[in-house]
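Enquirer: sequence first, then the predicted structure:
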Amino acid sequence: MGAVTSGRVVRVSGPLVEVEDVGPVAMHDLVALGPDAIPGEVVAIEDGRVSVQAYEYTGGLAPGAAAVAAGRPLSVRLGPGLLGRVFDGLLRSLSAAPVFLTPGATADESDRKWRFEPRVRVGDQVGAGQVLGVVTDAGPLEHRVLVPQGAGGPVEALADGKCGADTAVAVVGGTDVRLFSGWPVRTPRPCRSRLTDVTPLRTGQRVLDLLYPLARGGAAAVPGGFGTGKTVLLQQLAKWCDADVIVYVGCGERGNELAEVVAELFELTDPRTGGRLADRSVVVANTSNMPMMAREASIYTGVAVAEYYRDMGYHAVVIADSTSRWAEALREFASRTGALPAEEGYPADLASALAAFYERAGCVETLGGATGSVTIIGAVSPPGGDMTEPVTAHTERFVRARWTLDRDLAYARHYPAVSWSGSFSRDAPAVGEHHVRAGDHGWPARRARVMTALAEADRLGALAELVGAAALSGPERVALLTGRLLRDGVLQQSALSTVDAAGGDEKARALVEAVLAVADECRELVTAGVAADLLEEFDFTALVRLREEAAPDDVTLISRRRDEVLAGLRRLR
C-alpha cells in the first residue's frame, strides 16, 4: 500500500473533480474528497493536475477542499457475513439503510464477533490457499479462512472461538491472517491453473441444457428487448442452477424494478436446503439513480466476491443485469473525460472492457489445490431489440453461449422465450462428450436431431405462411407438426409450476425421446398413405401436457403416455 498524501480540490464539474498537490498517485487510485471523504478514482493525470471521478454525489464540494490520496486502487473488504445481504457497487451494506445517500458512509461491522474453528495445528507447514479454519456462524455455507497469497510456512499461532473482524486468527510464517481482507476489484485473484475438463452448468431449463449448454466456468450472454422475460429467466437460473454461491449484480436498472427483484429473490425457497435462496446469495445493487462510477465498478465488485468464494473451493455464478447499463456508464464517463467516441458514442475500448470482464470466468485449480469456478451470465438490453448494436455485438465475441430472447415467442406466451434460431453454444461439443462419458451416449445425436427439426419447422412455417399448409407435402406437414410438439411439449417451462419449474436430465431425455418417437410414427404413417389432415387433427394433448404432469424423476409416466399416443396413431392405418 502506498503512502497517504494530501492535496486540494481546484475544480468540481458534477462527479468529475480536479485536484492539485495530491502527491504521487497512479491511475485508478482512490482519493478521498472534502470533509465527508467522498471516495473517487483517479482517471487522468496531466501536468501535476489529477482528475478524479467521484463515486458519490458531490453537492457541497467546493474548490479548496482537502483531497487525500489513499495510495491504493478501489478495493472491497471481503470476509464472513457477505451471504444473504445486499450491497451497493462498492460493497457497502444496503441491508439496513441506503448508505449511498450519505457521502462517505461505510458499513461498520468491526464490533461483530465470529466463531472461528481451526483446521490445522500450531507447527503445521501450510502454503498459500490452504484452509486454516472455518467460520461456523457465517451462513449455510462453510466459510473457509485461507492462507493469503504470498504467505506460507509454519503455523505459529492459532485462535479458537469468537474473533473480531480485524483479529489475527492465525500467524503463518510471520504473517498475520485476519478474517477480513481487502482486494482490488479490477485485479483477478490468482489461481494455480485453469482447468480444461468440461462439466456442464445445469440450469434446470431444458431449452438451455439440451440445446445451448454452458460449461461450468464459462460465460453466457442473455440479450433481449423489453418484455421478453429476462428477469424471470435470470431468477430461474439463480434458483435452479447447480452453483454453490449466487452473486446477483443489479447494474443500472430502475430502482423500483430492482427493489422488486431483490424482494422476490429473498422470498424464493432454496431447492437445495429448503431455506431462503438469499442465504447463499450476495446482491450487489446499483440502480440508475446511483452515481455513475459506482455503477461502472459494480460488476467488478460482483466478480471479486465470486472469485473470493471460488478460492474456497465453491462454484459461483455471477448474474449481471444488465451489462448494457454498465456500458452506458462507460459511455457517460468517456464523454466527461473528453475521450474520442466510437460506435454510437461508446468509448473505443468498449470491446477490451467487455473482454476483461468476461475473461474472469473460469474453472480453476485454486492456490490450495481445490477446484472452484466462476460462471458469468450477463444480460444485455439492446435498445429497440437491435441485436447489431455495439454492446450485443462485442459481447458475442467473448462468451461461450448466447441465449437470445425472442419477442414473438414471449408475446405468444412461450417461456423461456429463448430463440433456437438466434442462440448458440460453443460448449455444446464438449458438453456432449461429457454426457457420453457419463453414460448418455445418445445425447449429441438427440440434440442434433432436435436442432434440425426446429430449423426445418421454422423454414416450412415461413413457407406455409405464403402458400398455406395445405399446399405442403405430407412429410413437410409432419415436420411442421414435429416442431410444434417439440416447442409445446419439451422446450416450454413454467416458472410457477410445482413440478416443471426445473427439469432434470432424465426427464428431458424422456420427453425428447417421446416426441421424436411420435414424430417417427407420424412420418411412417404418411409414407404408408395416411392423410396428413388426420395427423394434424389427432389429439396430442396427453403428450404435450406430460411436461406439466410428470415429476422431475417420473420417467415411467412419460413412457406410458408415449406408448398410449403411439397406439392411438397406429389405429389410423
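Expert: Arrived safely, thanks for sending.
Enquirer: where's the spatially most central residue of the chain relative to residue 91, distance?
Expert: Closest residue to the average C-alpha location of the chain: residue 319 at 2.4 Å, with CA atoms, centre = their mean. As defined by CB to CB, to the nearest Å, residue 319 lies at a distance of 17 Å from residue 91. All C-beta spots, glycine's among them, are computed from the backbone N, C-alpha and C.
Enquirer: do you have the strands of the stretch 251-400 of the chain handy? List them.
Expert: 281-286, 315-321, 362-365, 371-380 (DSSP state E, counting those that start in this stretch).
Enquirer: can you give me the domain assignment for this protein?
Expert: The chain resolves into domains spanning 5-73, 110-181, 193-425, 443-570 when parsed by automatic domain parsing.
Enquirer: deepest of those, which one?
Expert: Most buried of those by mean neighbour count (mean count of other CB atoms under 10 Å) is domain 193-425; its value is a mean of 21.
Enquirer: related to what we said a few turns ago, of the strands of the stretch 251-400 of the chain, which is nearest residue 131?
Expert: Judged by CB to CB, the one of those that comes nearest to residue 131 is strand 371-380, at 12.5 Å.
Enquirer: next, the angle from the closest one to strand 315-321.
Expert: Angle of strand 371-380 versus strand 315-321, following axes from the mean of the first three to the mean of the last three CA atoms, to 10 degrees, is 10 degrees.
Enquirer: can you list the strands that strand 371-380 pairs with?
Expert: When pairs are called by DSSP bridges, strand 371-380 turns out to pair with strand 219-223 (parallel), strand 315-321 (parallel), strand 362-365 (antiparallel).
Enquirer: output it as PDB, nothing but the C-alphas.
Expert: C-alpha atoms of strand 371-380 as PDB (Å, rounded to 0.1, in the frame of the first residue of the first chain):
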ATOM      1  CA  THR A 371     -11.400 -26.900  -7.600                       C
ATOM      2  CA  GLY A 372     -13.600 -23.900  -7.900                       C
ATOM      3  CA  SER A 373     -15.300 -21.900 -10.700                       C
ATOM      4  CA  VAL A 374     -16.800 -18.600 -11.600                       C
ATOM      5  CA  THR A 375     -19.500 -18.600 -14.300                       C
ATOM      6  CA  ILE A 376     -20.700 -15.300 -15.600                       C
ATOM      7  CA  ILE A 377     -24.200 -14.700 -17.100                       C
ATOM      8  CA  GLY A 378     -24.600 -11.200 -18.400                       C
ATOM      9  CA  ALA A 379     -28.000  -9.800 -19.500                       C
ATOM     10  CA  VAL A 380     -27.900  -7.400 -22.400                       C
END
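Enquirer: nearest residue to residue 340 in space, please, no chain neighbours.
Expert: Once flanking residues are discounted, residue 340 sits nearest to residue 348: 6.5 Å by CB to CB, 6 or more residues apart in numbering.
Enquirer: any idea how far residue 112 is from the one you found?
Expert: Applying CB to CB, the value for residue 348 to residue 112 is 45 Å.
Enquirer: ok, now residue 209?
Expert: From residue 209 over to residue 112 the distance is 41 Å, taken as CB to CB.
Enquirer: for residue 323, same thing?
Expert: Distance from residue 323 to residue 112, by CB to CB: 34 Å.
Enquirer: per-residue pLDDT, the spatially closest residue to residue 181 that is not a sequence neighbour?
Expert: Leaving out its chain neighbours, the residue that sits closest to residue 181 by CB to CB, 6+ apart is residue 78, at 5.9 Å. Reported pLDDT at residue 78 in the predicted model: 94.
Enquirer: likewise for residue 415?
Expert: pLDDT, residue 415: 92.
Enquirer: next: the one 4 residues further on.
Expert: In this prediction, residue 419 carries a pLDDT score of 94.
Enquirer: A helix includes residue 134, no?
Expert: No: looking at residue 134 with DSSP: H, G, I helix; E, B strand; the rest coil, it is strand, so not inside a helix.
Enquirer: that one and residue 116: what is the separation?
Expert: Residue 134 sits 8 Å away from residue 116, taking CB to CB as the criterion.
Enquirer: repeat for residue 337
Expert: 45 Å.
Enquirer: show me the helices in the stretch 401-550 of the chain, by range?
Expert: With DSSP state H, counting those that start in this stretch, the ranges of helices along the stretch 401-550 of the chain come out as 407-411, 428-437, 443-467, 474-486, 505-527, 532-537, 541-544, 546-549.
Enquirer: in JSON lines: those helices, plus distance to residue 66 and mean pLDDT.
Expert: Below are the helices of the stretch 401-550 of the chain laid out as JSON lines (distance: least, CB to CB, whole Å; pLDDT from 0 to 100):
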{"stretch": "helix 407-411", "distance to residue 66": "53", "mean pLDDT": "92"}
{"stretch": "helix 428-437", "distance to residue 66": "55", "mean pLDDT": "96"}
{"stretch": "helix 443-467", "distance to residue 66": "62", "mean pLDDT": "95"}
{"stretch": "helix 474-486", "distance to residue 66": "66", "mean pLDDT": "96"}
{"stretch": "helix 505-527", "distance to residue 66": "61", "mean pLDDT": "95"}
{"stretch": "helix 532-537", "distance to residue 66": "78", "mean pLDDT": "93"}
{"stretch": "helix 541-544", "distance to residue 66": "69", "mean pLDDT": "94"}
{"stretch": "helix 546-549", "distance to residue 66": "64", "mean pLDDT": "93"}
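Enquirer: out of those helices, which comes closest to residue 32?
Expert: Counting by CB to CB, residue 32 lies closest to helix 407-411 out of the helices of the stretch 401-550 of the chain; the figure is 46.7 Å.
Enquirer: for the closest one, give me every contacting residue.
Expert: For helix 407-411, the surrounding residues in contact (CB atoms under 8 Å, 6 or more residues apart in numbering) are 224-225, 227-229, 385, 415, 417-419.
Enquirer: how far off centre is that helix?
Expert: 23 Å (CA atoms, centre = their mean, to the nearest Å).
Enquirer: with only the CA atoms kept, save that helix in PDB.
Expert: Provided in PDB are the C-alpha atoms of helix 407-411 (Å, rounded to 0.1, in the frame of the first residue of the first chain):
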ATOM      1  CA  ARG A 407     -40.100 -11.000 -28.600                       C
ATOM      2  CA  ASP A 408     -42.500 -13.100 -30.800                       C
ATOM      3  CA  LEU A 409     -42.100 -16.100 -28.500                       C
ATOM      4  CA  ALA A 410     -42.600 -14.000 -25.400                       C
ATOM      5  CA  TYR A 411     -45.800 -12.500 -26.900                       C
END
